[in-house]
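Enquirer: Fold the stuff below for me.
(chains A and B)
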2 protein chains.
Amino acid sequence: MDDSWLDVALDEARTGLASGGIPIGAALVAADGTVLGRGHNRRVQDDDPSVHGETAAFRSAGRQRDYRSTTMVTTLSPCWYCSGLVRQFGIGAVLIGEARTFHGGHDWLASHGVEIRIVDDPRCVSLMESFVAERPDLWNEDIGVVGE
Amino acid sequence: MDDSWLDVALDEARTGLASGGIPIGAALVAADGTVLGRGHNRRVQDDDPSVHGETAAFRSAGRQRDYRSTTMVTTLSPCWYCSGLVRQFGIGAVLIGEARTFHGGHDWLASHGVEIRIVDDPRCVSLMESFVAERPDLWNEDIGVVGE
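Expert: Numbering: from 1, shown residues only, chains lettered A, B, ... in the order given. Next up, the predicted model:
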């Protein structure tokens, strides 16, 4: 994998933010760097809680018969929903923009043999930090955190 | 939860089979038995690998703010993708038709406090057994199993 692949996911995250959504983007990338699919969270835009960045990228890649040599590139540590996706379909690696604002299932994935790289990219960190500060309601809704 | 809720998921699974798809159905049900959302696997019909029965039911239920009192009803033990969905969104319980033809992440969910009930319903077992025998290619694709 190559850290530059993160640019595609970041572009998706920014597109999502620009359309009023939650700024998390992802791409499913082949071993040679070909982008098989890309997408961003569309909870707000489509009123659809099932569209996380990673599931959007996975859907966009269509039906693949073997995911072992692919990398899920995502601006943020994958939640359990998206980590489960990676594990079930045998996606070989996850390239993560940052895991500061949210710590999902990447340790679990690593323990099950998935290659994990966390870039800790300041662009990804600032994008999420700003969003979480501005829209904690939306962010909590997206990860299933229930307010008191 | 009530075992009769399984009928909705089974109806979805049969609908999926009748339209040429993988016969797995699900419903998200409120504590009082209200069906919030329902759906079936649409990998084949929509050419979309992201639509499992459980994710279809979750999407169909729209944006809910609190899933703790809801039950994910599914004809088959949830795969890691769908188990991750249940865990991330704090769905309180999973009612499972059968776990003979496929053993997904339900033990993991139970260890994280999700109430699990496996009905072992012969209608669900025969539906999946027949399908797996007839279309092992599709079934393996749906759970990310790569042939040699």
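Enquirer: Skipping its backbone neighbours, what lies nearest the most centrally placed residue in chain A in space?
Expert: Centroid-nearest residue in chain A, with CA atoms, centre = their mean: residue A:74, separated by 3.4 Å. Distances taken as CB to CB, 6 or more residues apart in numbering or on different chains put residue A:26 closest to residue A:74, at 4.2 Å, once the chain neighbours are dropped. For the C-beta atoms, the positions are set from N, CA and C on the backbone; glycine is no exception.
Enquirer: Helix or strand: which one has the residue of chain A found nearest chain B?
Expert: The minimum distance from chain A to chain B, using CB to the nearest CB, falls at residue A:84 (2.4 Å). Counting by DSSP states H and E, the element that carries residue A:84 is helix A:80-89.
Enquirer: between that helix and helix B:80-89, how big is the angle?
Expert: Put simply, helix A:80-89 runs at 170 degrees to helix B:80-89, going by axes from the mean of the first three to the mean of the last three CA atoms, to 10 degrees.
Enquirer: for the helix or strand just after helix A:80-89, packing partners?
Expert: The helix or strand immediately downstream of helix A:80-89 is strand A:93-98, counting by DSSP H and E. With contacts defined as 3 or more CB pairs under 8 Å, 6 or more residues apart in numbering or on different chains; DSSP states H and E, strand A:93-98 has these neighbours: helix A:6-18, strand A:71-76, helix A:106-111, strand A:115-118, helix A:122-134.
Enquirer: Which strands or helices does the third one pack on?
Expert: For helix A:106-111, the contact count by 3+ CB pairs under 8 Å, 6+ apart identifies helix A:80-89, strand A:93-98, strand A:115-118 as packing neighbours.
Enquirer: is chain B contacted by the last one?
Expert: Going back to what we said before, that points to strand A:115-118. No - Strand A:115-118 lies out of reach of chain B by CB under 8 Å from any CB of the partner chain, never closer than 15.9 Å.
Enquirer: Which strands or helices does that strand pack on?
Expert: If you count contacts as 3+ CB pairs under 8 Å, 6+ apart, strand A:115-118 packs onto strand A:93-98, helix A:106-111.
Enquirer: what about it, average pLDDT?
Expert: For strand A:115-118, mean pLDDT is 98.
Enquirer: Also the first one?
Expert: Across helix A:80-89, the average pLDDT comes to 98.
Enquirer: Over to stretch A:13-30?
Expert: 98.
Enquirer: That stretch spans what distance, first to last residue?
Expert: 20 Å (CA to CA, to the nearest Å).
Enquirer: Can you give me the buried ones in it?
Expert: Residues of stretch A:13-30 classed as buried: A:13-14, A:16-17, A:21-29 (neighbour count, 16 or more other CB atoms under 10 Å in any protein chain shown).
Enquirer: and of those, the nearest to residue B:139?
Expert: Among the buried residues of stretch A:13-30, residue A:28 lies closest to residue B:139 (CB to CB), at 22.1 Å.
Enquirer: worst-scoring helix or strand of chain A, pLDDT-wise?
Expert: Lowest on mean pLDDT, DSSP states H and E among the helices and strands of chain A sits helix A:136-142, with a mean of 95.
Enquirer: Show me how far that one is from its chain's centre.
Expert: Put simply, helix A:136-142 sits 16 Å off its chain's centre (CA atoms, centre = their mean, to the nearest Å).
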